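A.B. asks: Let's see this in three dimensions:
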Amino acid sequence: MAKKADMANHIVTTAVDLAGEKGWRALTLVDVAQAARVPMAALYRHCPTKPDLLAGFSRMIDQAALSEGLPGADESPRDRLFDLMMRRFDVLSGHRAGVKAILRDLRRDPLTALLQARQLELSMRWTLQSAGISTSGLIGRARVQALCLVYGLVLRAWEQDDSPELDRTMKALDQRLRQAEQWQNTFGRGRGERRDEPPAEPAAQAGQEPTLH
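C.D. replies: Numbers count the residues shown, from 1 in each chain. Got it, this is the predicted structure:
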């Protein structure tokens, strides 16, 4: 199982990094297989389409962010959320050129962007729940949507942030989370609420800003 996951991660990171050289729209599955040095059959087994490559990269980011463990229980919900979100941006920074190239092309490809919005919602549900913030019911769904919006806005700042410590990104994330916290205390309740079960496959979001998370 570990070898299968390693192969999938190798394929998707190769694809993202190659997008930094060729652009996402021009990139073909044959290009990815050749650069990753895997047979086309192996690529088909793991990622049969380009949207599958993006979804696989998103899952890899999720796993990397969660692998560091849960934030401290003594932190506020917003601080826990800040910690988890910054882990995501740290992972993205390791593939900056490719991620920026993909984001540019996704903004001209609404269908693929819509498919990625589905994955983004799932990622943000996991992030909220890992921060101890409930995502159940209508309020929980509103929190997920709000965090998706926050992520998309901060991603714009990250694209322009070349500082080693991601200072501009941290400042933008802190500002946006504080704003979201004021939206009827969206992220204000945390450990006191029942921790949800892992989220199911999300519904698509109309009009979501294209993101790669």
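A.B. asks: Please name every helix or strand in contact with the helix or strand Cys148 falls within.
C.D. replies: Per DSSP states H and E, Cys148 falls inside helix 137-159. Using 3 or more C-beta pairs under 8 Å, 6 or more residues apart in numbering; DSSP states H and E, the elements in contact with helix 137-159 are helix 77-93, helix 96-106, helix 110-130, helix 167-182. To be clear about C-beta, it is placed using only N, CA and C from the backbone, and glycine gets the same treatment.
A.B. asks: Rebuild those as a markdown table, extending it with mean pLDDT and distance to Lys22.
C.D. replies: Formatted as a markdown table, these follow (pLDDT from 0 to 100; distance: least, C-beta to C-beta, whole Å):
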| stretch | mean pLDDT | distance to Lys22 |
| --- | --- | --- |
| helix 77-93 | 96 | 19 |
| helix 96-106 | 96 | 8 |
| helix 110-130 | 90 | 16 |
| helix 167-182 | 94 | 26 |
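A.B. asks: Export these to a markdown table and append columns for mean neighbour count and distance to His10.
C.D. replies: Putting the helices and strands packed on helix 137-159 into a markdown table (neighbours: other C-beta atoms under 10 Å; distance: least, C-beta to C-beta, whole Å) gives the following:
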| stretch | mean neighbour count | distance to His10 |
| --- | --- | --- |
| helix 77-93 | 20 | 15 |
| helix 96-106 | 20 | 14 |
| helix 110-130 | 21 | 20 |
| helix 167-182 | 17 | 27 |
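A.B. asks: Would you mark the buried spots in the helix holding Cys148?
C.D. replies: Residues of helix 137-159 classed as buried by neighbour count (16 or more other C-beta atoms under 10 Å): 140, 143-144, 146-155, 157-159.
A.B. asks: now swap in stretch 48-63 and tell me
C.D. replies: 50-62.
A.B. asks: So what touches it?
C.D. replies: Residues from elsewhere that reach stretch 48-63 (C-beta atoms under 8 Å, 6 or more residues apart in numbering): 8-9, 11-13, 15-16, 24, 27, 29, 32, 46-47, 88, 91-92, 102, 112, 115-116, 119-120, 123, 126, 212-213.
A.B. asks: Stretch 90-108 now?
C.D. replies: 13, 15-21, 23-25, 54, 60-61, 64-65, 112-113, 116, 155, 158-159, 166, 210-213.
A.B. asks: Show me these that map onto helices.
C.D. replies: Counting by DSSP state H, the contacts of stretch 90-108 place 13, 15-21, 54, 60-61, 64-65, 112-113, 116, 155, 158-159 in helices.
A.B. asks: for the buried residues of stretch 48-63, which one is nearest Lys4?
C.D. replies: Gly56 (11.8 Å; C-beta to C-beta).
A.B. asks: Just the CA trace of stretch 63-74, in CSV.
C.D. replies: Extracted in CSV, the C-alpha atoms of stretch 63-74 (Å, rounded to 0.1, in the frame of the first residue of the first chain):
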residue,chain,number,x,y,z
GLN,A,63,-1.9,14.1,3.8
ALA,A,64,1.3,16.3,4.3
ALA,A,65,-0.6,18.9,6.3
LEU,A,66,-2.2,16.3,8.5
SER,A,67,0.9,14.2,9.0
GLU,A,68,2.4,16.7,11.4
GLY,A,69,-0.4,15.9,13.9
LEU,A,70,-3.2,18.0,15.4
PRO,A,71,-2.5,21.5,16.7
GLY,A,72,-2.3,21.9,20.4
ALA,A,73,-5.6,21.8,22.3
ASP,A,74,-4.6,24.8,24.3
